[in-house]
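Undergrad: Please find the sequence and the predicted model below.
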Amino acid sequence: MQTSLKIGTRGSPLALAQAHETRTRLMAAHGLPEQAFEIVVISTSGDRIQDRPLSEAGGKGLFTKEIEEAMLAGRIDIAVHSSKDMPTLLPEGLELSAFLPREDARDAFIGKAARTIADLPRGARVGSSSLRRQALIRRMRPDLEVVMFRGNVQTRLRKLDEGVADGTILAYAGLKRLGLGDVVTDLMSLEQFPPAPGQGAICIESRIGDADVERMLAAVHDAPTGQALACERAFLAALDGSCRTPIAGHATIAGDKLSFAGLIISPDGGQSHEVRLDGPAPDAARIGAEAAKAVRAKAGESFFDGWA
Ligand SMILES: NCc1[nH]cc(CCC(=O)O)c1CC(=O)O
C-alpha cells in the first residue's frame, strides 16, 4: 500500500489504546512499519454528553456517528470500536469486518468501602450509569444506593477517589487495556453479573466492498470472537428495538460448539429472565435470535412495556 491506512477512533484513552492495539496487530500480520498506518482521532457527540445517561441522550449511535460519516466520506479507511458500543444496525454501506481476540469479558468491581459488593455496608453508594449494571447491583443488593457515574474510565476512577461513591463497576477488559487492571478488587462472575453483549471485544468497521481493506483485516480477524459476537449481537438485535430494558448476553466458543447465556432484567433488579442455549458455532446468529425468542416468551410481552 502506498498511502497509509487511516484508522479512525475516538480520542478517549481507552479508544486510543484499542486503536494502537489494532495497529500493532496489523503491523505484525503484514510486516509493515508504523508509518503504514495513521491514527485519526474523531470527536463524537457521545464524548460531549457528560450530564445524563446515554440511554436518555440517544443511545449507542452517539459514539459512532461522526466516525462513520468520516468513513463514508473517505477521510478514514477503517474504524476501531468497542463492540459493546456498536448499535445493531449500521449505516448503509458499512460493516463490522473484523473482531480482535476477545479480552476477559467480565465486569470488575472497584471497591473503596469493601473489596466486594457483598461486603459493602448497608446503604453504600455504587456508581454506575449503565442500566444493566444498575439493575444487576440492585438484584444482588437492593439496599445499596446506585448513583450516576459518567465520563471515561479515568474520570470514574477519580470520582471514586474523591468519595463520590463507595465502589464502581467497570469492564475488566477496558481497565486491562489501560494498564489499570490492578485497581480491581473483585471480578464479577459471568453467572451473577452477566456482561453486555460485545463486552471485551474490539471490532473493526469498514466500507462494504473495499477489497484492499478486507484483505488487510482478514489477517487480524479472530474467528471464535466473530462467532461469539454474531450470536450476542443477534440476541441484542432481536430485543433492543423494544426497550430500555437492560440486556446481558455472553457467548463462549469451544471448538465447534457455542454456548450462549442471556438475561433481561427490570431496572429495579426485581424481575429477571435468563436463557441458555448451545449449538454449532457456525449457527451463531440463529442461536442468538432463538435465545431472544425464548427469553421473550418466558418474560411475556408486558415485560418490555413496563419501564419506559
Ligand atoms: N461504554 C463505555 C465502554 N465501552 C467499552 C468499555 C470497556 C471495554 C470493552 O467492553 O471492550 C467501556 C467502559 C466500561 O464499560 O467500563
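TA: Good, I have the coordinates.
Undergrad: care to break the protein down by domain?
TA: In the domain annotation for the chain, the residue ranges read 1-100+201-221, 107-187, 222-308 (automatic domain parsing).
Undergrad: Most proximal residue of the stretch 201-308 of the chain with respect to the ligand?
TA: For the stretch 201-308 of the chain, the residue closest to the ligand is A201, as judged by Cβ to the nearest ligand atom, at 6.1 Å. All C-beta atoms are positioned from the backbone trio N, CA, C, and that covers glycine.
Undergrad: Spell out which parts of the stretch 1-150 of the chain neighbour the ligand.
TA: 82, 84-85 (Cβ under 6 Å from any ligand atom).
Undergrad: picking that back up, okay if I get the domains of the chain as a markdown table plus mean neighbour count?
TA: Conversion of the domains of the chain to a markdown table gives the following (neighbours: other Cβ atoms under 10 Å):
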| stretch | mean neighbour count |
| --- | --- |
| domain 1-100+201-221 | 17 |
| domain 107-187 | 18 |
| domain 222-308 | 19 |
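Undergrad: Let me see the contact set for the residue of the stretch 201-308 of the chain closest to the ligand.
TA: Counting by Cβ atoms under 8 Å, 6 or more residues apart in numbering, A201 makes contact with 82-84, 99-100, 102-103, 105, 173, 225, 228-229.
Undergrad: Bridged to D107, which residues?
TA: A171 (DSSP bridges).
Undergrad: need the strands for the chain, in chain order.
TA: Secondary structure of the chain by DSSP state E: the strands cover 5-9, 37-41, 78-82, 94-99, 107-111, 125-127, 145-147, 167-171, 186-187, 202-207, 247-254, 257-265, 272-280.
Undergrad: sorry, back to before: which one of the residues of the stretch 1-150 of the chain next to the ligand is nearest to the ligand?
TA: Using Cβ to the nearest ligand atom, S82 is the member of those that lies nearest the ligand, at 3.4 Å.
Undergrad: just to revisit the earlier point, what score does the residue of the stretch 201-308 of the chain closest to the ligand have for pLDDT?
TA: For A201, the pLDDT comes out at 98.
Undergrad: same check, this time on F303
TA: On the pLDDT scale, F303 is placed at 87.
Undergrad: Could you do A57 as well?
TA: On the pLDDT scale, A57 gets 62.
Undergrad: ok, S12 - contacts?
TA: Listed by Cβ under 8 Å, 6+ apart, the contact set of S12 reads 47, 152-153.
Undergrad: what bits of the chain have low per-residue confidence?
TA: Within the chain, the segments meeting pLDDT under 70 span 1-2, 50-59, 241-243, 306-308.
Undergrad: which residues in it form helices?
TA: Counting by DSSP state H, the chain has helices at residues 13-30, 45-48, 54-57, 65-72, 131-140, 153-161, 172-177, 211-218, 223-240, 284-299, 302-305.
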